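[1] my questions are about this predicted structure, shown below with the sequence.
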Amino acid sequence: MNILFASHTYIGGPFVVGSHHLARELSKMGHRVFHLSTSVTPAHLLKMKQRPILDRFRQWWNLRKMNGGLIHGVPLSLVPWNVAGRIFQKTGSNWFVESIRFPKVSKLLKRHRFTEVDLLLIDQPYFVGIEKHVKAKIVIYRPTDHYAEMSGDFTVAAAEREIAGKAHGMIATSEPVLLSVRQYNEDVPAIVLENGVEFEHFSQGGPEPEELREIPRPRAIYVGAVDERLDLKALRILAERRPDVSLIVIGPHSATAAVSFAGLANVFFLGQKPYAELPSYLHHADLALLPLSDHKANRGRSPMKLYEYAAAGLPIVVRETPELLRRGERFLAFYNGSEDLVRAVGEVLDRSSRHAISKDEIRGAARRQSWKSKAESIVDFSRRLREAAETKKNMGAGVVKS
């Protein structure tokens, strides 16, 4: 098949997201895949010193040359979404897509032979209207978060409504996200397909990283962005109440976040690490942390790190959410509120010391959530959608004929 992703995060940057894994797995299955991610704009020229911005401009430049089974890149839009979104809300015309230039979106798709696709997967609402430039047999909207709540930009809701209204199906990464977008089209076939894991990558450890060697055990580790969705208050309480536990934080963070833990000798901010090195850090920890804050976006999150932690055999202490409770994973130790985190960590460490936690069982649960299986599920879902569309078309033709 020809499969086009209209995605939010570019391949090759500091974050590896679900569409990257799915694009890779679908390509390995023999499909031609084009992963297009959120455009750069002239406004980004003012931030060229930032590595991610520079990388995205390089991908835009190289996109004109790339070919093969998996093509990925970043287009250039002359009108940023913060302007285009308001215009779209009023007119229904998306200048973020229409202003793609050098080359234009139609020429870009033609150059890579993606003007006709078997499957168009949209997980970035900014790309609303791209379906006008590509003849897609099946269009699937794949929301991965409560986008409007996360960004505070409610022009995104108008874009989601438009995409959902035209999609043949929807695939959400959590039940709360699915319930949120179903309001835009209650009749469209829809499924929940949680974020998965590159199991082979995370299940294989490596030598202990040098910077971990001086950090005493037990080690509780968090990997991910340090932003408003992370409960720093809960982490600080844990560090204060359990000075015998080393808290390791891996991921991009502000100086302010690190300063807020000043004076606590058991907290270690190690910064961003390459995706390839993450398993080595996880395999030399004793438990994993997922301390979610009260941010609205956390209600619908399907954290990728959940099964990445599990593939490394780590028990996980996580803030309770309806979505994570729904999954019924035995390796999750839930807590409620900042104070309760201390209790949950203590219980997991106690069970570990008594060998009452099976790393093999945890890894087995993660294995069932491989990205390969997710890609196969998407292909199967799209096939069923296409069969239903063809049946509907044939029935319509029969009515006209009679």
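    In hand now; what should we look at? All figures in this text were calculated on a predicted structure; none of them were measured in a lab.
[2] what helices or strands is the biggest helix by length in the chain leaning on?
    Scanning the chain for the helix with the most residues, using DSSP state H, yields helix 371-401. Packed against helix 371-401, as judged by 3 or more Cβ pairs under 8 Å, 6 or more residues apart in numbering; DSSP states H and E, are the following elements: helix 18-28, strand 116-122, strand 135-141, strand 169-172. In this view, the C-beta of every residue, glycine as well, is placed from N, C-alpha and C.
[3] go again with 6 Å.
    helix 18-28, strand 135-141 (3 or more Cβ pairs under 6 Å, 6 or more residues apart in numbering; DSSP states H and E).
[4] nearest to Ile378, of those?
    With Cβ to Cβ, the closest approach to Ile378 among the helices and strands packed on helix 371-401 belongs to helix 18-28: 6.7 Å.
[5] which residues touch that closest one?
    With contacts defined as Cβ atoms under 6 Å, 6 or more residues apart in numbering, helix 18-28 is touched by 3, 5, 7, 11, 33, 35, 69-70, 123, 195, 371-372, 375.
[6] from the residues you listed, pick the one nearest Arg330.
    Where the contacts of helix 18-28 are concerned, and distances follow Cβ to Cβ, Arg330 has its nearest neighbour in Asn195, at 18.9 Å.
[7] strands of the stretch 251-400 of the chain, residue ranges please.
    The residue ranges that make up the strands of the stretch 251-400 of the chain, judged by DSSP state E, counting those that start in this stretch, are 267-271, 287-290, 316-319, 332-335.
[8] is Pro80 in contact with Val40, as I believe?
    No - contact status for Pro80 versus Val40: not in contact, 9.4 Å apart, counting by Cβ atoms under 6 Å.
[9] quick one, which of the strands of the stretch 251-400 of the chain is nearest to Arg101?
    strand 267-271 (36.2 Å).
[10] so which elements touch that closest one?
    Here strand 267-271 touches strand 246-250, going by 3+ Cβ pairs under 6 Å, 6+ apart.
[11] buried ones in the strand it packs on, by neighbour count?
    Along strand 246-250, the positions that meet the burial threshold by neighbour count (16 or more other Cβ atoms under 10 Å) are 246-250.
[12] that strand pairs with which strands, parallel or anti?
    Take DSSP bridges as the rule and strand 246-250 pairs in its sheet with strand 219-223 (parallel), strand 267-271 (parallel).
[13] which of the ones you listed sits most buried?
    Burial among these, expressed as mean neighbours by mean count of other Cβ atoms under 10 Å, is greatest for strand 219-223, which shows a mean of 23.
[14] how far away is His133 from Ala366?
    39 Å (Cβ to Cβ, to the nearest Å).
[15] Ile71 too?
    Separation of Ile71 from Ala366 (Cβ to Cβ) stands at 30 Å.
[16] one step back: only whichever of the contacts of helix 18-28 are buried, select them in ChimeraX.
    The following ChimeraX command selects only the buried members of the contacts of helix 18-28, with burial defined by 16+ other Cβ under 10 Å:
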select :3,5,7,11,33,35,70,123,195,371,372,375
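[17] His295 - how many residues pack around it?
    When neighbours are counted by other Cβ atoms under 10 Å, His295 registers 16.
[18] got a list of what the nearest residue in space to it that is not next to it in sequence touches?
    Distance criterion Cβ to Cβ, 6 or more residues apart in numbering; nearest residue to His295, sequence neighbours excluded, is Arg229 at 4.7 Å. Contacts here follow Cβ under 6 Å, 6+ apart; on that basis Arg229 touches 293, 295, 298.
[19] let me see the mean pLDDT of stretch 114-123.
    When the per-residue pLDDT values of stretch 114-123 are averaged, the result is 97.
[20] quick one: the helices in the stretch 101-250 of the chain?
    The residue ranges that make up the helices of the stretch 101-250 of the chain, judged by DSSP state H, counting those that start in this stretch, are 105-111, 147-151, 155-166, 175-182, 199-203, 232-241.
[21] low-confidence ranges in the stretch 101-250 of the chain?
    Judged against pLDDT under 70, the stretch 101-250 of the chain has no low-scoring part.
[22] and the gap between the closest residue in space to Ala258 that isn't next to it in sequence and Pro143?
    The shortest distance from Ala258 to any non-neighbouring residue, by Cβ to Cβ, 6+ apart, is to Phe269 (4.6 Å). Phe269 is 31 Å from Pro143, where distance means Cβ to Cβ.
[23] where exactly do the strands run in the stretch 1-150 of the chain?
    Chain-ordered strands for the stretch 1-150 of the chain, with DSSP E, counting those that start in this stretch as the definition, fall at 2-7, 32-37, 70-73, 76-77, 100-101, 116-122, 135-141.
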